[in-house]
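J.: got a sequence here, can you build the structure:
(2 chains)
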Amino acid sequence: MKPHLQSLLEAALARLVADGLLAPEALPDGPVPLERSRGGEHGDFASPIALGLARSARRKPRELADAIVARLPASPHVRDVQVAGPGFVNFFLDEGAVLSAVSAVLEQGAAYGRTDSGQGARVQVEFVSANPTGPLHVGHGRGAAYGAALASVLDAAGFEVQREYYVNDAGRQMHILATSVWVRYLQQRGEAMPFPANAYRGDYIRDVAAELVRVHGDALRVPAGEVTLDLPPDVDAGGDREIYIDALCERARHVLGAERYAVVHAAALGSQLDDIREDLEQFGVTFDRWFSEASLHTSGAVARAVERLRAGGHMYEREGAQWFRSTAFGDEKDRVVVRDNGEPTYFASDIAYVDDKFARGFERMIYIWGADHHGYVTRVKAACQALGHDPERIEILLVQFATLYRGGEKLQMSTRSGEFVTLRELRREVGDDAARFFYVMRRCEQHLDFDLDLAKSQSAENPVYYVQYAHARICSLFRQAAERGVALAEDARTVDLSPLVEPEARGLARTLGRLPEVVTAASLAREPHQIAFYLREVANDFHAFYNNHVFLADHPGVREARFALARATRQVIANGLALLGVGAPEEM
RNA sequence: GCGCCCGUAGCUCAGUUGGAUAGAGUGCUGGCCUCCGAAGCCAGAGGUCACAGGUUCGAAUCCUGUCGGGCGCGCCA
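T.: Now for the predicted structure:
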């Protein structure tokens, strides 16, 4: 309906130009502005176009609005057009046009809400991408829920979406993880190995170690004395925890040999990746591709990217390290790409990775990062520019942290002690549906207060239950009809909707008609929370009708029309919840 | 100190590209089940859109400054 009205306005503007009342260059670049009005006296849609053009047309807004209205082509869907306020053009839709939304829902079913505004443009959404060094925590959960919902919304808006997880399976943190596992393994075999201060100490490390014991027995065993011989002191012995752990990692590789070390490394990585993948899958979050950072090294992509930067004159050497001159692209300082020990930094991988994304031909690349990574935005865009790519095509969205509350108290989360609240624990406590919904209720750049008690409560004030309840209630209506032996039309699409004359019915139909617009707006703004707010409105409009009118009406025509409306409402709720990854229960 | 994000009802938050009388949930007050799920509906009270300037027909929205809150600023990831 919205595009239809916009085309009417465009036609009117064209005539205005033809009549010499408006200069052609004054026409708006994009689509003619048109918005939903709140209803009532302002009609169904309103356009402020005359207000915007008044200046360049050198006419008063209301006068211009009158001129536009006089030139609007007739439309069967428009009942009336009025000029109001300072110069708004208000459209009043024909009764049938409002109800046509119900027909459209019934016609399109699960596809209702999908639009072609994205025109098939290829978009990549990279999200979560947490280091596989331990279980996902609640912060990752928000990135997962937000990224998955955004990807779904983009898909519904007609983009061709690719969902990707970048796996940091190379580098120092992975070595520390592997070494942590190995130390636990040695302990479990009876070796008197001290546990390093800087190692990963969660219980999951012991589990992986136990698995190594089960599969490999003593094959990976090395006497503790040999392992720790001449190592620098750890922090509790007056040394440095970083220096100690690096030395221990180095030693592990040496005494185990490449082959055996690879076994430990693979077991550590594999276990964590499997765990993360399972966690996300249960959470309803899936990826089209798990992109390995290590593959960028083995394929030579990192070396090639660095060489490109060097050839472009963007690299220099200082104190033995290789630096990228990111300050030339607005960064506050230059960044190390290859350390003095010859090890490339994670930033080196990031450079090769962004280059790879461009090579794959995405029109837009969306990164979803935790807010603590915002310092990396400039350098990645700088690298992108230095490689000759348009930085405007990458979009880095920063997701703020979620703070958990229980009993009104803020929960303390500590990663260091291994006592952090994991995503899995959160899911178990509040359920996947509530977690997914709560995570996307807020704009991503907004801090999120996650009230565990509220998310768990099966009560009116829980927004996810509010929406799901409407869906379950509609399902119950159909069960009631069946139980009472009330016949309903085989095909709801053939039902005459004209008995839907009540204001609540019209309001609900009007709201149902907005889903495609909401999807488009949410996709363009990267704001899946708009879907969540919209669903609340749908549920509210439905409940309002329900409380004032009986669906199982005696009059067959009225009953059929109302059930068609209920069916359409159920579809819209299910479609909307699906975008957010939330279930639509038939009963609860 | 510098950079990014935020500041809207008691609380948690929406507010589209700058548009009409700034909205919702929750909490509070008062109504609504002999009837399809009351996990619901309706009504009321509740506002200096942090503050001060500026831009213009029009600012919660854009610009500048001030105040307040969060986060980040390593050859860490």
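
J.: give me the spatial nearest neighbour of residue A:82, chain neighbours excluded.
T.: Spatial nearest neighbour of residue A:82, chain neighbours left out: residue A:90 (4.8 Å); criterion: C-beta to C-beta, 6 or more residues apart in numbering. Every residue, glycine included, has its C-beta placed from N, CA and C.

J.: same deal with residue A:11?
T.: Residue A:11's closest residue in space is residue A:73 (C-beta to C-beta, 6+ apart), at 5.1 Å.

J.: and for residue A:339?
T.: Excluding the flanking residues, the one nearest residue A:339 by C-beta to C-beta, 6+ apart is residue A:321, at 5.6 Å.

J.: for burial, what's the neighbour tally of residue A:24?
T.: 9 (other C-beta atoms under 10 Å).

J.: that one contacts residue A:18, doesn't it?
T.: No. Counting by C-beta atoms under 8 Å, residue A:24 sits too far from residue A:18 to count as a contact (9.7 Å).

J.: and the pLDDT at the residue nearest the centre of chain A?
T.: For chain A, the residue nearest the mean C-alpha position is residue A:147 (2.2 Å; C-alpha atoms, centre = their mean). If you check residue A:147, the pLDDT there is 94.

J.: quick one, what contacts it?
T.: Contacts for residue A:147 (C-beta atoms under 8 Å, 6 or more residues apart in numbering) come out as A:125, A:127, A:128, A:163, A:285, A:368.

J.: check contacts around the closest residue to it other than its chain neighbours.
T.: Taking C-beta to C-beta, 6+ apart as the measure, residue A:147 lies nearest to residue A:127, with 2.8 Å between them; neighbours along the chain are not counted. When contacts are counted by C-beta under 8 Å, 6+ apart, residue A:127 is found next to A:143, A:144, A:146, A:147, A:148, A:150, A:151, A:163, A:164, A:165, A:367, A:368.

J.: what about residue A:219, distance to residue A:178?
T.: From residue A:219 across to residue A:178, the span is 16 Å (C-beta to C-beta, to the nearest Å).

J.: ok so, going back, and the residue nearest to the centre of chain A, which of the three is it?
T.: Classification of residue A:147 using DSSP: H, G, I helix; E, B strand; the rest coil returns helix.

J.: nearest to RNA strand B, of the contacts of residue A:127?
T.: Nearest to RNA strand B out of these is residue A:146 (C-beta to the nearest atom of the strand; 11.9 Å).

J.: the closest one touches residue A:399, doesn't it?
T.: Yes. Look at residue A:146 against residue A:399 with C-beta under 8 Å: they come within range, at 5.7 Å.

J.: so what sits against both of these two?
T.: In contact with both residue A:146 and residue A:399: A:368, A:444, using C-beta under 8 Å, 6+ apart.

J.: show the subsequent helix or strand relative to whichever strand or helix holds residue A:260.
T.: Residue A:260 is part of helix A:241-282 when elements are defined by DSSP states H and E. As assigned by DSSP H and E, the chain's next helix or strand after helix A:241-282 is strand A:289-292.

J.: what about that next one, near RNA strand B?
T.: No. Strand A:289-292 lies apart from RNA strand B when judged by C-beta under 7 Å from any atom of the strand; the minimum separation is 13.7 Å.

J.: list the buried ones in whichever helix or strand comes after that strand?
T.: Per DSSP H and E, the first helix or strand lying C-terminal to strand A:289-292 is helix A:293-298. Burial within helix A:293-298, assessed by neighbour count using 16 or more other C-beta atoms under 10 Å, is assigned to A:293, A:295, A:296, A:297.
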